[in-house]
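sequence first, predicted model second:
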Amino acid sequence: MQKLKKGTTKSAFNASPKNISKTILNLIFTFLVFCITFGDTLGQGCLPAPVPFIESFSSGVIPNGVGGSNCWTSSVTSGDGWRFTGNPGYSVANNGRSAGTYAWIDFSSTDVGVILQVQDIMVLGLSNPTLTFDYYSDADPAFGSNTPNQMYVEVLDQIGSWNVIASYTSQTVGWETQTVSLAGLGIFGVVSIRFRGESGGASNDYYNDLLLDNVSIADAIGGGCLTTYGTDVQQHCDSYVWIDGNTYTSSSNSATHILTNVAGCDSVVTLDLTIDYSTSSSTTETACDSYTWPLDGNTYTSSGTYTYSSSGGGSGPGTSQTYNYTGSVQTYTVPAGVTSINVEAWGAEGSGNEGEGGYVSADLSVTPGEVLEIYVGGQGVGSTAGYNGGGQGGSSTIGQGGAGGGASDVRRGSYTLNDRIIVAGGGGGTAGNCGNNTAEGGHGGGLVGMSGCVFSCSNCQYTGAGGTQTSGGIAGPTSHGSCSGNNNGGFGYGGS
């Protein structure tokens, strides 16, 4: 044992070669155990996925991950949670991408801590690891100026805490691509990321569902070159030749092709293709002297084999026609050869802080040459009822209630209310609510229409109620503090 000279201090660390070797081995063992545990925190055999990494949510279910199973996880403190199929409601449904090709949160005023955790990603050796993703927070107009729902990107640190590295608390204009640097955020070269959605607190936050797509992690070398991703939505008959030179004869949402973007980097395009198939049939007709074929309208005076085809143009089979509000009845004549049509109808919204109109879709049997009458409902304006059955608004000078929107329907035969074959109900008008016209009207649609919001300062203890399949809705208060003189809705018209 070495003797200490006077004035020296012995170190607390025994620096013998034997103990140094033992300490190093313990450190290596601890590091290996940590790495093995860290790399399989999510699922079964889920080691960190390599880069470049891309998830386009095209399977319609939560992603399975790379090299294992259940490598992505979803959880929620309260509310509905993340969805991977179906479409959001209201105008958010028209986001430009097909159902089942993105992830989304279906908000319902109760959503807290809606988490989607990505599989661990290996970023060791990357110069500038960067996260990109497509984000949609373009709310329905009925959402108004309320606080938008919020999305947070979080990364796991070395002590097991999740830290916010990016937050999105404003609405977008359609889909927007977001970019987040991950430089310096990995643990031993592995990064753990999650997306957390939170309600903005509005009672009608369901107008502002949040959508997520094309989650990508790659190396933005020098901060400049980053792979971008996009989707090419196509619909064709029988077959389609895509930009990759391949001919597709069936629907597909998995084919990809790499182009070069404006920055000179890779741009990965995913094909979202729907293939519709043409049909054929034959018929034999016997006539004396001449025969007029209903399909093409031509008159034939000699025997022979004739063909007729429709590619979807004009008003024949395979085409569609859109009818907008005009304030009067419109007509549709069933084309030759058509025995079934699909109808989608939207009722009109009410006035003010309005209720939305209902929506209905159905396949209807029809006869070639039959004339159908089309009634497109009009929006309630002020106290003036919307065309085709909207309820009249109130007349209080303190704050009148808004008028209801009209229904949209299709009629046949004698074209009376009893001859309607499909109806989309109109939305209710706003309630006056002490002069500020803020109480929301009820939404139309469903087997029973939605009731409006409570008239908060009225002595009436009820509000306007939606109509049913057999009767009209109950009218709301006529004015501040008054429940007399109102008129309930009836067959084909709203309450006033």
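Nice, I can see it. Worth saying up front: this structure is predicted, and the values here are computed from it rather than measured. Residues are numbered from 1 along each chain as shown.

pop out the phi and psi values for residue 411.
Here is the backbone geometry of residue 411 (degrees, to the nearest 10): phi -130, psi 150.

scratch that, residue 207 is what I was asking about
Given degrees, to the nearest 10, the pair of backbone angles that residue 207 has is phi -80, psi -10.

ok, it - contacts?
90, 92, 139-140, 142-143 (CB atoms under 8 Å, 6 or more residues apart in numbering). All C-beta atoms are positioned from the backbone trio N, CA, C, and that covers glycine.

the closest residue to it other than its chain neighbours and residue 78: what is the separation?
Leaving out its chain neighbours, the residue that sits closest to residue 207 by CB to CB, 6 or more residues apart in numbering is residue 143, at 3.7 Å. The gap separating residue 143 from residue 78 is 21 Å, by CB to CB, to the nearest Å.

where do the strands sit along the stretch 301-450 of the chain?
Taking DSSP state E, counting those that start in this stretch, the strands of the stretch 301-450 of the chain run over residues 330-333, 340-346, 359-365, 371-375, 408-411, 420-424.

got CSV for those, with mean neighbour count and distance to residue 173 too?
Formatted as CSV, the strands of the stretch 301-450 of the chain follow (neighbours: other CB atoms under 10 Å; distance: least, CB to CB, whole Å):
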stretch, mean neighbour count, distance to residue 173
strand 330-333, 13, 34
strand 340-346, 16, 23
strand 359-365, 13, 24
strand 371-375, 18, 33
strand 408-411, 24, 29
strand 420-424, 19, 29
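
any idea which of the ones you listed gets closest to residue 153?
Smallest distance to residue 153 across the strands of the stretch 301-450 of the chain (CB to CB): 34.2 Å, for strand 359-365.

would you mind writing the CA trace of the closest one as PDB?
Coordinates of each C-alpha in strand 359-365 appear next as PDB, following Å, rounded to 0.1, in the frame of the first residue of the first chain:
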ATOM      1  CA  TYR A 359     -77.700  15.300 -45.000                       C
ATOM      2  CA  VAL A 360     -79.200  12.200 -46.700                       C
ATOM      3  CA  SER A 361     -78.100   9.800 -49.400                       C
ATOM      4  CA  ALA A 362     -80.000   6.900 -51.000                       C
ATOM      5  CA  ASP A 363     -80.300   4.800 -54.100                       C
ATOM      6  CA  LEU A 364     -83.700   5.300 -55.700                       C
ATOM      7  CA  SER A 365     -85.500   3.100 -58.400                       C
END
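
for that strand, which strands pair with it and how are they oriented?
Using DSSP bridges, the strands paired with strand 359-365 in its sheet are strand 340-346 (antiparallel).

quick one: the residue lying closest to residue 67 once chain neighbours are set aside from residue 187, how far?
Leaving aside its sequence neighbours, residue 67 sits nearest to residue 47 (CB to CB, 6+ apart; 5.6 Å). Using CB to CB, one gets 14 Å for the distance from residue 47 to residue 187.

neighbour count winner among those two?
Remark: of residue 47 and residue 187, residue 47 carries more neighbours, 19 against 16, as counted by other CB atoms under 10 Å.

wait, the more buried one sits on residue 68?
Yes. With contact defined as CB atoms under 8 Å, residue 47 counts as touching residue 68 (6.9 Å).

show me where the stretch 101-250 of the chain has strands.
Remark: strands assigned in the stretch 101-250 of the chain by DSSP E, counting those that start in this stretch are 103-105, 112-117, 121-122, 129-136, 150-156, 162-168, 175-181, 190-191, 193-198, 210-219, 228-237, 240-241, 247-248.

comparing those strands by mean pLDDT, which bottoms out?
Lowest mean pLDDT within the strands of the stretch 101-250 of the chain: strand 228-237, at a mean of 81.

in that one, what's buried?
By 16 or more other CB atoms under 10 Å, the buried positions in strand 228-237 come out as 228-231.

kindly report the same for stretch 143-162.
Here stretch 143-162 shows 143, 148-156, 162 as buried, counting by 16+ other CB under 10 Å.

pLDDT weak spots in the stretch 251-400 of the chain?
261-264, 279-281, 295, 308-319, 352-354, 394-400 (pLDDT under 70).

hmm, 50 instead?
Within the stretch 251-400 of the chain, the segments meeting pLDDT under 50 span 312-314, 396-399.

closest one to residue 348 out of the buried residues of strand 228-237, please.
Nearest to residue 348 among the buried residues of strand 228-237, with distances taken as CB to CB, is residue 231, at 33.0 Å.

you'd agree the closest one is up against residue 268?
No. At 9.9 Å, residue 231 does not count as touching residue 268 under the criterion of CB under 8 Å.

what about the helices in the stretch 1-150 of the chain?
17-38 (DSSP state H, counting those that start in this stretch).

looking at the contacts of residue 207, spot the one nearest residue 181.
residue 139 (28.2 Å).

if we can go back for a sec, hang on, isn't the residue nearest to residue 207 packed against residue 208?
Yes. Under the criterion of CB under 8 Å, residue 143 lies in contact with residue 208, with a separation of 5.2 Å.

give me the common contacts of the two.
residue 202.

with distance to residue 355 added, can I get the strands of the stretch 101-250 of the chain in a markdown table?
Shown next, in a markdown table, are those (distance: least, CB to CB, whole Å):
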| stretch | distance to residue 355 |
| --- | --- |
| strand 103-105 | 24 |
| strand 112-117 | 27 |
| strand 121-122 | 46 |
| strand 129-136 | 25 |
| strand 150-156 | 26 |
| strand 162-168 | 29 |
| strand 175-181 | 28 |
| strand 190-191 | 46 |
| strand 193-198 | 26 |
| strand 210-219 | 24 |
| strand 228-237 | 32 |
| strand 240-241 | 42 |
| strand 247-248 | 43 |
